[in-house]
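Undergrad: how would this look folded up:
(chains A and B)
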Amino acid sequence: MPGRQLIMDFEVTPTSHTLADYKARGGYETLVKALGMAPADITKEVTASGLLGHGGAAFPVGRKWGVMKPNPGEIHYLCANADEGEPGTFKDRWILEHAPHLLVESMLITSYALGVRHAFVYIRGEFDLPCRRIQGAVDEAYAAGLLGKPVPGSDFTLDIVVYRGAGSYVCGEASGLITSIEGRKPYPRNRPPRLTVKGLFQKPTVINNVESLANITGIIRMGAEEFRKVGTAKSPGTQLISISGHIAKPGVYEVEYGYSWAKFLDEDCGGMLHGAKMKCVVPGGISTKVLTRPEIENLTLSHESVNPAGSGLGSGGMIVIAEGTCMVRLLQVLLRFYHHESCGQCTPCREGMGWMHRIIDRIVAGEGLPEDIERLYAISHANDGTTICGMGDAAGFATVGILNKFRDEFEYWIANKRSKMDGRLECRA
Amino acid sequence: MPAADGMVVFTASDKVKARRKATMEFITLNHPVDCGICDKAGECTLQDYHFEYNGGASVSRDAKTHATKHFDLSDRIVLDNERCIQCTRCVRFTREISKSNGLGMLDRGDHSIVRPSADGSFAKDAYSDNVIDLCPVGALLAKDFLHKARVWYLKATPSVCPGCERGCGVNLWHRKDEWMLRSPRQAARNDGLDRVTPIENPAVNGPWVCNKARDLPKLLGRVRAAGALFKGAPAPLEAAVLEARALIAEAKRPVAVVSSWASNEELAAFKAALGGRLALVAKRDHEPQPGEVVQDDLLIRADKNPNAAGVRAVLGECGTEVPKDADLVLVWGEGFDFRAVPASAKIVFLNAFLAPENGHADVFLPVSIQTERSGHYTNFAGVTSRFERCFALPPGVLHAEDLFGSLVGNGRGA
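TA: Residues are numbered from 1 along each chain as shown, chains lettered A, B, ... in the order given. Got it, this is the predicted structure:
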């Protein structure tokens, strides 16, 4: 097991997601403790814990909360971002399927701390079981009197609405998400004003990733000091890593920050599929730059270790790629995705994604030109910092990351009209 | 990011210039560049910005994406989705200004397209034509102006819309002298208006006008009265003026029905010449038509005449009905119900357009329309705006302003 476990600390059984099982393992006891604290003290505790956001940007949760000043007369909203759309990432799904009550309890505590009386779970439209599980948990909590009326022993009331998205990558961007809840096209918004000042329905709104919220219950239960003993000084706690690709044992793992990356891959995940050699790894969702095996050899799974290597842990969607995989085809798949998902609001992303997709399609069709590689670089650079949300930048990072390290494969395909690697994406035995 | 005190904004650094050039490249990437057949060419901001910020040929080696080339947005506007650069100004206009919510963006990414809402609210939007001006490229075009003229053949004459008592500032576009059409088949178009655009005036209409202003070429382009008439029979203009003068001089109880489409200058000339001699009745030349928006919160006013306030200001309060004992009625302008004239009374009628009533008058005199003279209108809020002359006076037609002086005198011979 890669280090201590804070979220996946129970055995998954056919009933482990129910309210009865959750209560049997100590569920909703932390809520009672939290309701006995002053709201400001909960925010202080979360700030002291140093919890970093798990949505991809690793923004300190306490600092986000600190911007929102609970004002008894005003409406505040909380949204749990369960629109998990980053390719390679499926860790929030685990929480929604197996620990939905952990999320509900954490949202109750968070709402109490931030003066929220109305919270949303914005869940990805393609999620089926996770949606039924979180809706079931919310229904159970309503039936048990935890939601919809004052929580027993206090005058705090919260309503949670499970809102199902219609299926778009941009809906996972915080401002796109709230625009979608408002019933409009999920065009991201320019900031400032920050969403914690003017968010959903123009009211102060905190939007946290499901995994970030799921950590709140643990932090309040054990206290910030105990929480900080897990992980490293700069990356406290754990991270859920969803690993896929050419790996022997893909799945969701809870990794304590500071755990050796190589050891995680070779021992916990059972090494490469069919004993292949590793070519590279996407650390945290395809928007982070790929790293080769020699680059990660001495790294640990923590932000302070991965960031200086020119990449990031992002959302924890790790994709392992074996030797022999064609990176041109891989970039084609990636760019098709970005082209399909660009919302069309900002010109560089709207036109640039389609252009890059057409160029890579042309290269794969054997009609590539030597100038195409420079063109892909130029389009990536032109997207850097010129779009409202981070999608244009992310696509550029991913493209530049692959081009920098595997330029020879692109040059080979353009010159010889065929793949240097047999055009394979799969890993054969 | 909003501007703040002490903020420094770099608008011409190398990085900004490079990004701006790249963004222009992106915008033109899938734009068809069919300027040669595009009505917007010459006043297209994409053309201007391309020359200002990029200027180079396309570096793309890939085919352009295709979209609907000729989509009927309404019976007034045609949409070209290939020219559209997805700026969504038109969508915002229907959401924020006209409030019809008639347009939206369908799909996403580089295949997103502007489409009207399913309830047809865009076709009913009384301000819909403003999206044609708002469109920075030639994606939204007026069907009335489609392929009519290159814009550099036209000149804009500042004017005032006579469609209602708001008096919106408008530019009337007509052909420049050096670009007059020569062939006999087309020559008639030289004297017509080609299109109407708003003049931004925060005190009156802001930057908008309603669709009625866009239809002024039709309203002012109706068939004109060609010459003077005696009881329906053509007559020389001078003789007709003398006859009218004699009728007015002989009348015991003459009444004038005054046009609320008259300019302040014409009203002043009328008052100086005939004001003391005739009893006055104010007339609404135009009433709301079936299907027309009568009044709304944005611009449109219920009184469909431009200068009712000017009539009150120059002539004071006038009567509303022709007195029963009148023995002569001078009717000035359209929209008068001649059944209100006592049977024994003589009629002198001043009108610009061909109408059946013209022949019923004892004396009919053809007068000029707004585009043939300059003057001022005073709107409902008391704002006076000037309109300029577009065209020369056609032969056989008089300016009402000049005519009134000739109507004073005694008898036929003098």
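Undergrad: switch to C-alpha atoms for all contacts and neighbour counts from now on
TA: Will do.
Undergrad: Write out the residues of the stretch 51-200 of chain B neighbouring chain A.
TA: On the criterion C-alpha under 8 Å from any C-alpha of the partner chain, chain A has as its neighbours in the stretch 51-200 of chain B the residues B:62, B:86, B:108-110, B:112.
Undergrad: Can you name the residues in contact with the helix or strand hosting B:Leu242?
TA: Per DSSP states H and E: B:Leu242 is located in helix B:237-250. Identification of contacts with helix B:237-250 by C-alpha atoms under 8 Å, 6 or more residues apart in numbering or on different chains yields B:227-230, B:254, B:328, B:346, B:348, B:363-365, B:396, B:406-413.
Undergrad: got it, and stretch B:252-270?
TA: B:162, B:248, B:277-285, B:305-308, B:310-311, B:314-315, B:322-323, B:325-334, B:375-378, B:400-402, B:404-405.
Undergrad: Put the alpha carbons of that stretch into CSV.
TA: The C-alpha coordinates for stretch B:252-270 follow below in CSV (Å, rounded to 0.1, in the frame of the first residue of the first chain):
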residue,chain,number,x,y,z
LYS,B,252,-64.6,84.0,-45.4
ARG,B,253,-63.7,81.3,-43.0
PRO,B,254,-60.6,79.5,-44.2
VAL,B,255,-59.0,76.6,-42.3
ALA,B,256,-55.5,75.1,-42.6
VAL,B,257,-54.9,71.4,-41.7
VAL,B,258,-51.2,71.4,-40.7
SER,B,259,-48.8,68.5,-41.3
SER,B,260,-46.9,67.1,-38.4
TRP,B,261,-44.3,65.9,-41.0
ALA,B,262,-43.4,69.6,-41.7
SER,B,263,-40.0,70.9,-40.6
ASN,B,264,-39.7,73.8,-38.2
GLU,B,265,-38.6,76.1,-41.1
GLU,B,266,-41.7,75.2,-43.1
LEU,B,267,-43.9,75.8,-40.1
ALA,B,268,-42.3,79.2,-39.5
ALA,B,269,-42.8,80.2,-43.2
PHE,B,270,-46.4,79.1,-43.0
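Undergrad: So which bits of that stretch are buried?
TA: By neighbour count on 16 or more other C-alpha atoms under 10 Å in any protein chain shown, the buried set for stretch B:252-270 is B:253-270.
Undergrad: Over to stretch B:320-332?
TA: Those would be B:322-323, B:326-332, for stretch B:320-332 by 16+ other C-alpha under 10 Å.
Undergrad: What pLDDT is listed against the residue in the stretch 301-414 of chain B that chain A sits nearest to?
TA: Closest approach of the stretch 301-414 of chain B to chain A (C-alpha to the nearest C-alpha) occurs at B:Arg301, with a separation of 33.4 Å. Here the pLDDT value assigned to B:Arg301 is 95.
Undergrad: From B:Pro136, how far off is the one residue in the stretch 301-429 of chain A that gets nearest to chain B?
TA: Nearest residue of the stretch 301-429 of chain A to chain B: A:Gly344, at 3.8 Å (C-alpha to the nearest C-alpha). Look at A:Gly344 and B:Pro136: by C-alpha to C-alpha, to the nearest Å, they are 18 Å apart.
Undergrad: Kindly report the same for B:Leu315.
TA: 46 Å.
Undergrad: what's the nearest residue to the closest residue to chain B within the stretch 51-200 of chain A if we skip its chain neighbours?
TA: Nearest residue of the stretch 51-200 of chain A to chain B: A:Pro192, at 5.7 Å (C-alpha to the nearest C-alpha). The spatially closest residue to A:Pro192, leaving aside those adjacent along the chain, is B:Met1, at 5.7 Å (C-alpha to C-alpha, 6 or more residues apart in numbering or on different chains).
Undergrad: ok so, going back, neighbour count for B:Leu315 and B:Pro136, which is higher?
TA: Each of B:Leu315 and B:Pro136 has its neighbours counted (other C-alpha atoms under 10 Å in any protein chain shown); B:Pro136 has more, 21 against 16.
Undergrad: what does chain A have sitting close to chain B?
TA: When proximity is defined by C-alpha under 8 Å from any C-alpha, chain A lies next to chain B at A:190-192, A:339-345, A:347-348, A:350-352, A:354-355, A:358-359, A:382, A:386.
Undergrad: Pick out the residue in chain B sitting closest to chain A.
TA: At 3.8 Å from chain A, B:Gly109 is the closest residue in chain B, using C-alpha to the nearest C-alpha.
Undergrad: Show the pLDDT at the closest residue to that residue other than its chain neighbours.
TA: Excluding the flanking residues, the one nearest B:Gly109 by C-alpha to C-alpha, 6+ apart is A:Gly344, at 3.8 Å. At A:Gly344, the pLDDT value in this model is 92.
Undergrad: Could you do B:Ala3 as well?
TA: Note on B:Ala3: pLDDT of 83.
Undergrad: quick one: secondary structure of it?
TA: Reduced to three states with DSSP: H, G, I helix; E, B strand; the rest coil, the structure at B:Ala3 is coil.
Undergrad: Show me the contacts of helix B:237-250 that map onto helices.
TA: B:Ser406 (DSSP state H).
Undergrad: Would you map the strands across the stretch 301-429 of chain A?
TA: Shown for the stretch 301-429 of chain A, the strands assigned by DSSP state E, counting those that start in this stretch span residues A:317-322.
Undergrad: just the stretch 51-200 of chain A next, same as before
TA: A:77-82, A:118-123, A:159-164.
Undergrad: most neighbours per residue, which of these?
TA: Among these, ranked by average contacts under mean count of other C-alpha atoms under 10 Å in any protein chain shown, first place goes to strand A:77-82 (a mean of 26).
Undergrad: low-scoring stretches of chain B, by residue?
TA: In the prediction, chain B carries residues with pLDDT under 70 at positions B:411-414.
Undergrad: Give me the domain ranges for it.
TA: Split into domains by automatic domain parsing, chain B comes to B:16-142, B:151-220, B:229-406.
Undergrad: Please tabulate those in CSV, including the columns distance to A:Pro250.
TA: Below are these laid out as CSV (distance: least, C-alpha to C-alpha, whole Å):
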stretch, distance to A:Pro250
domain B:16-142, 33
domain B:151-220, 61
domain B:229-406, 62
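Undergrad: Near residue 174, how many other residues are there?
TA: Just going to use chain A. When neighbours are counted by other C-alpha under 10 Å, A:Ala174 registers 27.
Undergrad: that's the wrong chain, I wanted chain B
TA: If we define neighbours as other C-alpha under 10 Å, then B:His174 has 25 of them.
Undergrad: Backbone dihedrals for it, please?
TA: Dihedral angles phi and psi of B:His174 (degrees, to the nearest 10) take the values phi -150, psi 170.
Undergrad: Quick one: residues contacting A:Ala80.
TA: Neighbouring residues of A:Ala80 by C-alpha under 8 Å, 6+ apart: A:107, A:119-122, A:207-210, A:213.
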